[in-house]
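# what's the 3D shape of this:
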Amino acid sequence: MNEMIERVARAICFDQCKVNGCRCGAERHFFAVARAAIEAMREPTDIMREEGLAELILQREHPATDPSAIFNAMIDAALTEGKPDE
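Residues are numbered from 1 along each chain as shown. Coordinates of the predicted model:
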């Protein structure tokens, strides 16, 4: 199984059951949901593109060999977009 699909499935399972830190092994039941969630994120939103581009520009000024910062900026944008202020 794909590592990212497993991670997402485990997170969904934990969120859904919250039993013993979700060590119940039921995450396999969420593989299809996890795959669908990841596929839905394939096309970034406008805010995700903007944040990714901003991070890319920052990377050009301060080069790094790991593209994770760009990916993380885009995911952070997706998670905060439309989120009510706390």
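
# which residues of this protein fall in strands?
Ranges of strands in the chain, per DSSP state E: none exist.

# and for it, the residue most distant from the center?
What lies farthest from the middle of the chain is residue 61; by Cα atoms, centre = their mean that is 25.6 Å.

# flag the shaky bits of this protein, pLDDT-wise.
Judged against pLDDT under 70, the low-scoring parts of the chain cover residues 19-23, 65, 85-86.

# so which residues of this structure form helices?
Ranges of helices in the chain, per DSSP state H, are 3-17, 31-40, 46-61, 68-80.

# quick one, what contacts the most centrally placed residue in the chain?
Per Cα atoms, centre = their mean, the C-alpha nearest to the average position across the chain is that of residue 75, at 5.3 Å. With Cβ atoms under 8 Å, 6 or more residues apart in numbering as the criterion, the residues that contact residue 75 are residue 48. Using the backbone N, CA and C atoms, a C-beta is placed for each residue, glycine as well.

# how close does it sit to residue 57?
If you measure residue 75 against residue 57 using Cβ to Cβ, to the nearest Å, the figure is 18 Å.

# what does residue 14 give?
In this structure, residue 14 lies at 36 Å from residue 57, with Cβ to Cβ as the measure.

# mind checking which of these two has more residues around it?
In terms of neighbours (other Cβ atoms under 10 Å), residue 14 is the more surrounded of residue 14 and residue 57; the figures are 17 against 9.

# who touches residue 32 in this structure?
For residue 32, the contact set (Cβ under 8 Å, 6+ apart) is empty.

# err, residue 8, not the other one
Taking Cβ under 8 Å, 6+ apart as the definition, contacts of residue 8 comprise 30, 34, 37, 38.
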